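Participant: just the structure for this:
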Amino acid sequence: MVKIFYGVNGQGLGHTMRSMPILEHLSKKHDLRIFASGRAGKYLKKYYNIHHINHYKIVYVNNKVSSILTFLRGFVHSPILWIYNTKVGFYMIKDRPSLAISDFEPATVWWANILGVPLVNIDNQHTIVGTEIDLPKKEKRSYLFLKAVIKFLVPHADRYISTTFFFNKKTKKNLDLVPPILRKEILELKPKNGNHILVYQTSRSNKRLIPTLKGIDEKFIVYGLGKDRIDGNIEFKRRNELSFYNDLSSCKAVITNGGFTLIGEALYLGKPVFSNVIGGQFEQIVNGYYIDKLGYGIMRIRISKKEVENFINNLEVYRKNIRLYKKEDNTLLFNIIDEIISKLE
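Facilitator: Next up, the predicted model:
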C-alpha cells in the first residue's frame, strides 16, 4: 500500500469525470488523500473524504474566453488562492506521501515540486504541447500562449500521462499517451441512434445557441443551461448522471464545446460531434480541429442554423469514419499507473 495525494482541477466537470475511474482503481489498494476545487470538490465529496482547495477561474463572455477579465480576476485572487492552498503543502509535510498525482491541478503540482514529492500529471493538454500537432499557422501565437500557461500550471512532473483521440508523434520523452479515460457507466452502455440530439454546455454565455436550435426541425435535449423545462423542440435538463448517460447513449449526435471528456465519450459510443468551441480557448480549438480533420464531425466557433443542418445531413458520413476509431477501455492507463507505483513500494 502506498500513500498517494491526488489533486483534481475544478474548472468544469471534465477533470472530475476523468479522475473517477482512476480514484476507484487506486482506492482498492492504496491510501488516498484527495484535494479538489470548484465543481470537482462538490461532486467528489459524495464519494470520498476530500480537502477543498481553490483554483483559477476562467471568465466567459458571449461563448468566448475573456483573457483580460480572466487575468484580472486571477491577479486579484492569487494571494488568497495561494494562502488557502497552503493546506496542500501542510498535509504533504505532515503525511509524507510516496506519490502525488494531479489532474491538471496546480496546487498539488507546485507543492509536490517544492517538497520533492514524486509527481505524475494527468491531463489532455500535454498532447498539444508534447506531440507534433498539425495546426494552421495563424494559431501559432495561441499555441505559444497555451504552452506558457501549461508550463506555469505544471512546471515539472516526473511522468506525464495525456489522454487523446489523435495519437501524434511524441516530442516529450517522459510522456505516455493513452485513449480517452472512461467511466464504467460509459463502458457499460449499449448505444443506439435515437431521434434526439444531445447538447451540453459548460458556460451559459453562448447567446446564439438556443435561438439557432429553435429554428431547426429536430429534437434537442440540452444539459448545462438551468432547470428542467420544455421550450418547443428543446428539452432542458439539469445534470443528472443516469439521465445524461441514457440520453448520450440514445442520441443520434452530440453538440458540445471543445471539452475533451464528452468528446471522448461520444466517440467511444459512435456519436458524431458538432464542436462549437469556446473562442479564445486554444485547447478546445485543437480538439475541435481534430474532430473535423478526422471526419468525426465538424468544428465551428460560431454556430448557425445552416452549419447545424449541414452537420445533421452528413451524420452517416461521420458515423462511417468513427467506425474506424479504435475503442479502448482504461487498461493501458491503469497498467502505466500500477507500474509507476510498483517502483515506489
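
Participant: which residues pair with Ala36 across the strands?
Facilitator: Under DSSP bridges, the beta-bridge partners of Ala36 are Val8, His52.

Participant: can you classify Ile336 by secondary structure?
Facilitator: Secondary structure state of Ile336, per DSSP: H, G, I helix; E, B strand; the rest coil, is helix.

Participant: got a pLDDT number for it?
Facilitator: Confidence at Ile336, expressed as pLDDT, is 98.

Participant: please name the nearest non-neighbouring residue to Glu24.
Facilitator: Nearest non-adjacent residue to Glu24, counting by Cβ to Cβ, 6 or more residues apart in numbering: Lys184, 7.8 Å away. Using the backbone N, CA and C atoms, a C-beta is placed for each residue, glycine as well.

Participant: tally of neighbours for that neighbour?
Facilitator: 12 (other Cβ atoms under 10 Å).

Participant: which is the next helix or strand following the one helix or strand in the chain whose mean pLDDT sits lowest?
Facilitator: Ranked by mean pLDDT, DSSP states H and E, the helix or strand of the chain with the weakest confidence is helix 67-84, at a mean of 58. Downstream of helix 67-84, the next assigned helix or strand under DSSP states H and E is helix 86-95.

Participant: in that next one, which residues are buried?
Facilitator: By neighbour count on 16 or more other Cβ atoms under 10 Å, the buried set for helix 86-95 is Val88, Gly89, Tyr91, Met92.

Participant: hmm, the second one is touching Ile114, no?
Facilitator: What it means is Gly89. Yes. Counting by Cβ atoms under 8 Å, Gly89 touches Ile114, with 6.8 Å between them.

Participant: for stretch 269-289, how far is the first residue from the last?
Facilitator: This stretch, stretch 269-289, spans 20 Å end to end (Cα to Cα, to the nearest Å).

Participant: off-centre distance for it?
Facilitator: Centre-to-centre, stretch 269-289 and its host chain are 11 Å apart (Cα atoms, centre = their mean, to the nearest Å).

Participant: cool, stretch 252-271 as well?
Facilitator: Here the centre of stretch 252-271 is set off from its chain's centre by 11 Å, with Cα atoms, centre = their mean.

Participant: need the distance between the two termini of that stretch.
Facilitator: Start-to-end span of stretch 252-271 (Cα to Cα) is 6 Å.

Participant: and the furthest pair within the buried residues of helix 86-95?
Facilitator: Taking Cβ to Cβ, the two most distant members of those are Gly89 and Tyr91; they sit 7.5 Å apart.

Participant: can you give me phi and psi for the most centrally placed residue in the chain?
Facilitator: Centroid-nearest residue in the chain: Gly14, 3.6 Å away (criterion: Cα atoms, centre = their mean). Dihedral pair for Gly14: phi -60, psi -40, per degrees, to the nearest 10.

Participant: correct me if wrong: it contacts Glu265.
Facilitator: No. With contact defined as Cβ under 8 Å, Gly14 does not reach Glu265; the gap is 10.1 Å.

Participant: would you map out the domains in this structure?
Facilitator: The chain breaks down by automatic domain parsing into domains covering 3-181+330-342, 185-322.

Participant: which of these comes out lowest on mean pLDDT?
Facilitator: Among the domains of the chain, domain 3-181+330-342 carries the lowest mean pLDDT, a mean of 88.

Participant: many thanks, have a good one.
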